[in-house]
Every structure is written in structure tokens, then in C-alpha cells.
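Peer 1: Okay, sequence plus prediction incoming.
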Amino acid sequence: MTALNSKGWALAKRPVGMPKSDDFQMIDGEAAAPANGEIQVQNSWMSVDPYMRGRMYDRESYVPPFQIGELLQGGAVGRVTASAHPDFSEGDLVTSMAGWREAWTAKPEAVGATKMPSTELPDSALLGVAGMPGLTAYAGLLRVAALKEGDTVFVSGAAGAVGSTVAQIAKIKNCKVIGSAGGKEKCDLLKELGVDEVIDYKAHDTYESLLGALQKAAPKGIDVYFDNVGGDHLEAAIECARPMARFAVCGMISQYNATEPVPGPRNMIQIVGKQLSIRGFIVSTHADMQPDFMADMAKWIKSGQMQFEETVMEGIESAPEAFLGLFQGRNRGKMLVKLA
Ligand code: NDP
């Protein structure tokens, strides 16, 4: 058993506002030969996700902050190259939270490593439609928003990893779907995915204009809003909500780089009169849905009801650029870095 060279990324300093490439530093390291109870893994794919921005602040949250100079963490898929653990063998496919690096050696439980069965899906899908973002869409829509057949569903960030999955699950459940995304190319993708009404929010650069577009798309109002973006989208959704509408608040990416507190929606009084249910959620709270999610997703992908797009950047060197790309709208579907 030999050590593997492994380049990886750490924070050089905490980003202020929109992260920049010099907020990151590359670390030349190695993945040692595994000691008793450890496995050595060569990562083939790593994920960049918007929530990682929250871990770059030095503050308490549902996951601890990244430390300056220490390797970043995130979802990854790889193959075992050497094992000193009874449950893992060379060649096994594993998912872990040991991303942002080419290879690693650790006890599986220390990095959340799980051995994955072989499926017909590409390995990269384990970080997207069949992984954390997919489960986020599934749990958020079906449990948190308690989706019902025939609902009118509005989803923002609809051309991204979570949003595109939300839109398609809602179509599978016979709902009318309104999706918003930035730019014509992304809106064309949404139409290809069967979204009924698309809103290019970048063509509606005032709140009034965005609201007008949503009112036109949903003249009778919306029953469900799946929020990935926050800000004007959330305010417009409250304005267009039908009585008893349900909101699954998944993320607010428009605010992740804010340097000042962001004002809330001005129309929150409507939450009372319309009796809205507005519920934030974190995907890990709904881990019990994983078996149902995997069974449904495998079925939907096989039948062609669920499509998935990936935007792939090549090589560990491109990881910060891939991450920054999330805030520049550079991805269609899941943003990934291919490592080997
Ligand atoms: P995406 O694949 O959707 O990528 C991010 C997209 O966000 C970009 O492509 C861009 O699309 C859009 N975006 C970026 N900046 C802005 C902005 N200022 N205003 C509006 N849109 C913007 O990411 P994910 O699917 O991985 O995540 C989507 C959301 O879900 C995020 O808010 C994320 O934090 C959240 N999330 C929450 C989880 C939970 O447990 N609650 C778990 C996983 C994700 P465009 O070009 O259309 O602007």
C-alpha cells in the first residue's frame, strides 16, 4: 500500500461579499497508506454547493465553519484504492464529505463515507439528482410543502440542481409548474423539462416587473412556493399566494454574499390573512426519506420522467472557479468538478 499525491483547497482568508479566487489556497498533500480501520480513496468527482458559502463565515450554524488553512469539505465520490477496514475493499465506490481534494485516507465514519451499490446511474449523479440536492428537492416538495396533485407550484432557481428536480417532481405529480431562472438558455432548458410557465428573472429587474410576470404566469395564484433564492422572489410569491399556500424555504442564494442585513419581504402581513405556512428546512433532518427517494428517483430516471443536467469543470485546480460560478449562474443543473 502506497501513499497517493493529493492536491486540495483551503480558505486563505474569509471572503467578504462575493468570494474571489484569492480567498482560496491550494495545498499539496498526500493520502497516506491506510492504518488499521482506515481506507484510502481516490476521488473521481467533487461537488460545490451554495451552502458552503455559509461555512466560510466565522459564525455558528447548523454546520461548523471552515477553518482558515484547513482543507475544505464537501460531497465527493471516489473509489477505494487501499483498505485496512473490514467492510471496504479495493475498488468499492464510496460517497463522502471529503471533497475539495484529489485523494484521502481516513476512518470512513470520520468523513461520512458510505459504500454505494452499483447502479445504472453515472457516479456523478450521486452528488446531484440521486444525492443531496435530489433529496432536498424530494423532501422539500413532498414533505415540507406537502405537495398535492393539481397544485400550482412556483420554484425559483429552477434551472439549478435542486430547482430542476423540484420542477420535474411537481410535473410527475400532475401540478402546474412555474419556474424562474436567469437568462434565455436556462428558460429554454426549463421548457424542455416540461415547465408550464417560465420567468427569466433577469429580464425583470424590478420587483414590480417580477411580480407582474408571476401574476401573468399564475393568474389564479400559487399553492406552493419552493424558495431557492429569497428577496424579491419571496415577496412576489407571498403576494401571489392563495389562501393556505405552503412555502418550503430551502435557500436564499441572493443573500449569501450580502455584507449588510437584508430587509425582509414588505408584505409579511399577508401571512396572517392568507394563513400561509412558511417553513424552512435542512435536508439532513429528512434523511429518513432516503430509501423512498432512491426508489422513486431510480424509477423516474429509468422511465425518462426525470432528466438531469450537469455542468462539469475539469481538475482540482478548477474547484474555486466552479464554486464561484454558482453565484454567477454559470451552471445548468448540478455544478461538479471532475477529478480523475
Ligand atoms: P444551483 O444549482 O441552483 O446553483 C445556484 C444557482 O443560483 C445559480 O446557477 C443561479 O442561477 C442562482 N443564483 C445565483 N445567485 C443568484 C441571485 N443573486 N439571485 C437569484 N438566483 C441566483 O444550486 P443548488 O441547486 O445546489 O441550490 C439551490 C438552493 O438550495 C440554494 O439556495 C442552496 O443553498 C439551497 N439548498 C438548501 C438545502 C437545504 O438543506 N435547505 C440543501 C441544498 C441546497 P440563475 O442563473 O438562474 O440565477
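Peer 2: Received it, and whenever you're ready, just let me know what you need.
Peer 1: all helices for the stretch 1-150 of the chain, in order.
Peer 2: 52-55, 132-139 (DSSP state H, counting those that start in this stretch).
Peer 1: Out of those helices, which is the most enclosed?
Peer 2: Among the helices of the stretch 1-150 of the chain, the stretch with the highest mean neighbour count (mean count of other C-beta atoms under 10 Å) is helix 132-139, at a mean of 26. C-betas here are computed from N, CA, C, even on glycine.
Peer 1: Could you pull up the mean pLDDT of that one?
Peer 2: Helix 132-139 carries an average pLDDT of 98.
Peer 1: repeat for stretch 193-204
Peer 2: 98.
Peer 1: got the buried residues for that stretch?
Peer 2: Leu193, Val195, Asp196, Glu197, Val198, Ile199, Asp200, Tyr201, His204 (16 or more other C-beta atoms under 10 Å).
Peer 1: now the helices of the stretch 1-150 of the chain in a markdown table, with distance to the ligand?
Peer 2: Formatted as a markdown table, the helices of the stretch 1-150 of the chain follow (distance: least, C-beta to the nearest ligand atom, whole Å):
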| stretch | distance to the ligand |
| --- | --- |
| helix 52-55 | 8 |
| helix 132-139 | 4 |
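Peer 1: Dump those into TSV; add distance to Pro122 as well.
Peer 2: Output for the helices of the stretch 1-150 of the chain, formatted as TSV (distance: least, C-beta to C-beta, whole Å):
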stretch	distance to Pro122
helix 52-55	23
helix 132-139	14
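Peer 1: Residue of the stretch 51-200 of the chain nearest the ligand, please.
Peer 2: Residue nearest to the ligand within the stretch 51-200 of the chain (C-beta to the nearest ligand atom): Gly160, separated by 1.8 Å.
Peer 1: Distance check, that residue against Pro133.
Peer 2: 8 Å (C-beta to C-beta, to the nearest Å).
Peer 1: intersection of neighbour lists for the two?
Peer 2: Lys334 (C-beta atoms under 8 Å, 6 or more residues apart in numbering).
Peer 1: Kindly report the residues of the stretch 101-250 of the chain close to the ligand.
Peer 2: For the stretch 101-250 of the chain, the residues in contact with the ligand (C-beta under 6 Å from any ligand atom) are 133, 136, 157, 159-163, 181-183, 186, 228-229, 250.
Peer 1: CA-only coordinates of stretch 89-109, as CSV, when you get a sec.
Peer 2: Taking Å, rounded to 0.1, in the frame of the first residue of the first chain, the C-alpha atoms of stretch 89-109 are listed here in CSV:
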residue,chain,number,x,y,z
SER,A,89,-12.4,-3.4,-0.4
GLU,A,90,-10.2,-2.0,-3.2
GLY,A,91,-12.5,-0.8,-6.0
ASP,A,92,-15.5,-0.1,-3.8
LEU,A,93,-17.5,3.0,-4.8
VAL,A,94,-17.9,5.5,-1.9
THR,A,95,-19.5,8.8,-1.3
SER,A,96,-18.1,11.0,1.4
MET,A,97,-17.7,14.5,2.7
ALA,A,98,-14.0,14.5,1.9
GLY,A,99,-14.3,16.7,-1.2
TRP,A,100,-12.1,19.6,-2.3
ARG,A,101,-9.2,17.2,-2.6
GLU,A,102,-8.0,14.5,-5.0
ALA,A,103,-7.5,11.7,-2.5
TRP,A,104,-7.8,11.0,1.2
THR,A,105,-7.1,8.4,3.9
ALA,A,106,-9.4,8.3,6.9
LYS,A,107,-11.7,6.2,9.0
PRO,A,108,-14.9,6.0,7.0
GLU,A,109,-17.0,7.3,9.9
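Peer 1: And for the residue of the stretch 51-200 of the chain closest to the ligand, the neighbour number?
Peer 2: For Gly160, the neighbour count with other C-beta atoms under 10 Å is 29.
Peer 1: I'd assumed Thr259 was in contact with Val16.
Peer 2: Yes. Using C-beta atoms under 8 Å, Val16 is in contact with Thr259, at 6.6 Å.
Peer 1: SS state for Leu214?
Peer 2: Secondary structure for Leu214, judged by DSSP: H, G, I helix; E, B strand; the rest coil, is helix.
Peer 1: correct me, but it touches Ser156?
Peer 2: No. Counting by C-beta under 8 Å, Leu214 stays clear of Ser156, with 10.0 Å between them.
Peer 1: what touches both of these two?
Peer 2: Residues touching both Leu214 and Ser156 by C-beta under 8 Å, 6+ apart: Ser180, Ala237.
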